[in-house]
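S.K.: Pasted the sequence and its predicted model underneath.
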Amino acid sequence: MTTALSAKEIVSQLGTKFPGAIEEAGAESVLVKSDALPAVVEYLKTTEGLKFDYLNYITAVDYYNYFEVVYMLTSLEFNRSVVLKVRCYTRDNPTVPSLTGIYQGADWQEREVYDLMGITFEGHPNLKRIFLWEGFTGHPLRKDWNR
Amino acid sequence: MEIDSDKEYIYDAKELDQHEGQVIEKLKVSSRKSIRDPDAWLDEDIKRNIVVTSLDWVIDWARRSSLWTSVCYPACCGLEWMAFLAPRFDGARFGMEIMRASPRQADLLITAGTLTWKMAPNVRRIYDQMAEPKWVIAMGACGISGGIFRSGYNVVPGYNKIIPVDVYVPGCPPRPEALIYGIQQLQKKIAKAKAVPDLDELPNPLKKGKKQ
């Protein structure tokens, strides 16, 4: 069984490496500033002793006031996982940096989030709809979406 | 040769023996001349190879007894369908155990599952590629009407919005017995079909005027 890495253990390490990048450290997740996300993930993936080399999933939640994009990373070597979260406070064009450069598996997952939630991933090579078709209006998993 | 007796009823054993003796005597008399084979005038080849029946009936029989199914199961009804094909329910009994990966070799489309709009063009293409004559069974609530996903933004509300459907099999999912019953209904439907067109319906090259 993969043990969820307590966010507190990791936060002190990240806090010294990326000052100001960590907004909030909950019991199970780390809230990261949107701009710092690629650097933080790169660090988690490559640093000895952490090696979060597997991206479990990317998903997003609509909290009305803001969107939250959720990333789950797992270290296959140490059998541990960590959850990262990023918030966007705008509804018009929420933007998050893409992780496709770090994890190839992020490609379709980010397209799915873009398709259903309307969050743009900056730097994604092929950001277009994946489940719905060209010409579909809106992003149906948004709370204010109505057909 | 006729064996007749004036008396209709025989009541005792002696009389029965007498009657039997008469029958045998009659047979012996008639056996002096051998009976000809009524088909003797036919050639040997013809005798072996001719069956007389209605063409409609034969074609319908062939069609309904060898329904080859095109592979199209977008969702969970497919599992009931697999059970139907497997030995317990044994679709082979109905001449339709053969699945065709190519729609060009199939004449039956069983729509086992929810259809999303993203998938709809592909199902339509499978149907279009199937050779005539072809039939469609809408299997399950989703196949009939979209089922519980009917109000979804991404679900086709019933296959009959995309392709013509012959038989509807309700259930969520239908049990394999229900599918068997649906297929039998389809076979009954095919049995009633008119396989051979009337001569009037065929294009007539001798007829002048209207171009066919």
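M.R.: Arrived safely, thanks for sending. Numbers count the residues shown, from 1 in each chain, chains lettered A, B, ... in the order given.

S.K.: In chain A, what residue spans correspond to helices?
M.R.: Per DSSP state H, chain A carries helices over the ranges A:7-17, A:37-46, A:106-117.

S.K.: State the distance from residue A:45 to residue A:147.
M.R.: 40 Å (C-beta to C-beta, to the nearest Å). C-beta: built from backbone N, CA, C; applies to glycine.

S.K.: hmm, back to that, could the helices of chain A be laid out in a markdown table, adding distance to residue B:144 and mean pLDDT?
M.R.: Compiled in a markdown table, the helices of chain A are given as follows (distance: least, C-beta to C-beta, whole Å; pLDDT from 0 to 100):
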| stretch | distance to residue B:144 | mean pLDDT |
| --- | --- | --- |
| helix A:7-17 | 49 | 76 |
| helix A:37-46 | 46 | 92 |
| helix A:106-117 | 27 | 93 |
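
S.K.: Can you say which of these is packed in most?
M.R.: Of all the helices of chain A, helix A:106-117 has the most neighbours on average by mean count of other C-beta atoms under 10 Å in any protein chain shown, namely a mean of 20.

S.K.: what sits up against stretch B:73-88?
M.R.: B:89, B:91, B:97, B:99, B:110-116, B:119, B:123, B:139-140, B:142-143, B:173-176, B:179-180 (C-beta atoms under 8 Å, 6 or more residues apart in numbering or on different chains).

S.K.: Rounded mean pLDDT for stretch A:26-35, please.
M.R.: Per-residue pLDDT values across stretch A:26-35 average out to 85.

S.K.: Next, report how far that stretch is displaced from the centre of its chain.
M.R.: Remark: stretch A:26-35 is offset 10 Å from the chain centroid, using C-alpha atoms, centre = their mean, to the nearest Å.

S.K.: end-to-end on that stretch?
M.R.: 20 Å (C-alpha to C-alpha, to the nearest Å).

S.K.: follow-up on the earlier one: would you mind checking the contacts of stretch B:73-88 for buried ones?
M.R.: When the contacts of stretch B:73-88 are checked for burial by 16 or more other C-beta atoms under 10 Å in any protein chain shown, the buried set is B:89, B:91, B:99, B:110-116, B:119, B:123, B:139-140, B:142-143, B:173-174, B:176, B:179-180.

S.K.: Sitting in strands, which of the residues you listed do you find?
M.R.: Members of these lying in strands (criterion: DSSP state E): B:99, B:110-112, B:139.

S.K.: Serialize these to TSV and add fields for pLDDT.
M.R.: Formatted as TSV, these follow (pLDDT from 0 to 100):
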residue	pLDDT
B:99	85
B:110	90
B:111	89
B:112	89
B:139	91
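
S.K.: Can you tell me which of those residues is nearest residue A:32?
M.R.: Nearest to residue A:32 among those is residue B:112, at 44.4 Å by C-beta to C-beta.

S.K.: So what's the predicted local confidence for the nearest residue to that closest one once chain neighbours are set aside?
M.R.: Closest residue to residue B:112 apart from its sequence neighbours, by C-beta to C-beta, 6 or more residues apart in numbering or on different chains: residue B:77 at 3.6 Å. Per-residue confidence (pLDDT) for residue B:77: 90.

S.K.: Run through the residues that contact residue A:55.
M.R.: Applying C-beta under 8 Å, 6+ apart, we find residue A:55 in contact with A:71-74, A:99, A:103, A:105-106, A:109.

S.K.: redo that, cut-off 7 Å
M.R.: With contacts defined as C-beta atoms under 7 Å, 6 or more residues apart in numbering or on different chains, residue A:55 is in contact with A:71, A:73, A:103, A:105-106.

S.K.: So which bits of chain A are right by chain B?
M.R.: Contact residues (C-beta under 7 Å from any C-beta of the partner chain) of chain A with chain B: A:131-133, A:140, A:147.

S.K.: try 8 Å
M.R.: Contact residues (C-beta under 8 Å from any C-beta of the partner chain) of chain A with chain B: A:131-133, A:136, A:140, A:147.

S.K.: Any chance of a markdown table for these, columns distance to residue B:63, pLDDT and neighbour count?
M.R.: Shown next, in a markdown table, are the residues of chain A next to chain B (distance: C-beta to C-beta, whole Å; pLDDT from 0 to 100; neighbours: other C-beta atoms under 10 Å in any protein chain shown):
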| residue | distance to residue B:63 | pLDDT | neighbour count |
| --- | --- | --- | --- |
| A:131 | 39 | 90 | 14 |
| A:132 | 39 | 90 | 18 |
| A:133 | 37 | 89 | 13 |
| A:136 | 41 | 89 | 16 |
| A:140 | 43 | 92 | 18 |
| A:147 | 43 | 73 | 9 |
